[in-house]
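J.: Show me how the following folds:
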Amino acid sequence: MIAAGDELRLLSHSAHGTSSTVLGTTSARINDMAWCATPGYEQYVACAAQDGAVQLWDLEPTQGTPACHTLRLGASIQTVAFHAKVPKLLLAVDASGVGRLIDWLASISNGAHEAQTTMAFADPSAVALHAAQGVCTAGRAAWQAQDPDVIGALLGTHW
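T.: As a prediction, the model looks like this:
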C-alpha cells in the first residue's frame with residue numbers, strides 16, 4: 001500500500017505482473033501507515049494523516065470494495081502502530097505531544113468518528129508549546145519488539 005498524492009494505492013504482484021489499484025482518496029498528506037499483523041486481522045491498515053485523522057482501511061470487507069473508517073483525533077497524527085498481540089489496540093501519536101491507545105475495533109463498530117481511547121500519555125512541554133504557540137512537534141512511537149506491552153516514543157528531542 002502506498003500513499004501517492006491524495007490517493008492510496010494497493011500494489012499487487014503475481015506471475016502475470018504487478019498491478020496498482022486505487023483504494024480511495026486520503027483526507028490529507030499521510031505521515032505513516034501500519035498493517036495489523038495479528039492473525040485474522042491482516043486485512044486492516046491504519047493511516048496517520050496530517051489533518052488529525054486516522055484512516056482505518058478494511059482491504060477485504062465481507063461485501064464490496066475496500067472500506068475506510070475515519071477517526072478524528074485533533075492535531076496532525078505523526079505515527080500509528082498496531083499492538084502485536086492485542087489486535088484491537090492502535091497506538092497513535094499526534095503533533096501536539098499526545099499519544100493514545102485506541103480501541104479501534106470498538107471505534108469503528110458503532111460507526112462513530114470519535115476514537116475510543118483506552119489510555120493517553122503526553123509530553124507536557126510539547127502540549128504547552130502546541131497550546132500556546134500552535135507548534136507541531138515531530139515524533140514517532142512504536143511498541144517494543146521484545147515486549148509488546150512497552151511503548152517507546154520520541155517527540156521532538158524528548159524520549
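
J.: Name the SS class of Thr137, please.
T.: Classification of Thr137 using DSSP: H, G, I helix; E, B strand; the rest coil returns coil.

J.: Could you pull up phi and psi at it?
T.: Backbone torsions of Thr137, given as degrees, to the nearest 10, read phi -90, psi 130.

J.: any idea how far Gln78 is from it?
T.: Between Thr137 and Gln78 the computed distance is 8 Å (CB to CB, to the nearest Å). From N, CA and C alone the C-beta is placed, and that goes for glycine too.

J.: now Tyr44
T.: 20 Å.

J.: now swap in Lys85 and tell me
T.: Per CB to CB, Lys85 is found 23 Å from Gln78.

J.: When the two are compared, which one has more neighbours?
T.: Gln78 (25 against 11; other CB atoms under 10 Å).

J.: That one falls within a strand, correct?
T.: Yes - judged by three-state DSSP, Gln78 forms part of a strand.

J.: tell me the contacts of it?
T.: Asn31, Asp32, Ala48, Val93, Asp94, Ala95, Ala138, Gly139, Arg140, Ala141 (CB atoms under 8 Å, 6 or more residues apart in numbering).

J.: Most neighbours among the residues you listed, which one is it?
T.: Neighbour-wise, those (other CB under 10 Å) top out at Val93, 30 neighbours.

J.: Please identify the pairing partners of the helix or strand that one falls within and their relative orientation?
T.: Assigned by DSSP states H and E, Val93 belongs to strand 89-94. Note on strand 89-94: by DSSP bridges, its sheet partners are strand 77-82 (antiparallel), strand 98-103 (antiparallel).

J.: where do the helices sit along this structure?
T.: With DSSP state H as the criterion, the chain has helices at 104-109, 124-133.

J.: Go through the strands paired with strand 89-94 and find the least confident stretch.
T.: With a mean of 90, strand 98-103 has the lowest mean pLDDT of the strands paired with strand 89-94.

J.: Would you state the strands of the chain in chain order?
T.: Along the chain, counting by DSSP state E, strands occupy 2-4, 7-14, 17-25, 30-35, 44-49, 53-58, 67-72, 77-82, 89-94, 98-103, 117-122, 139-143, 151-155.
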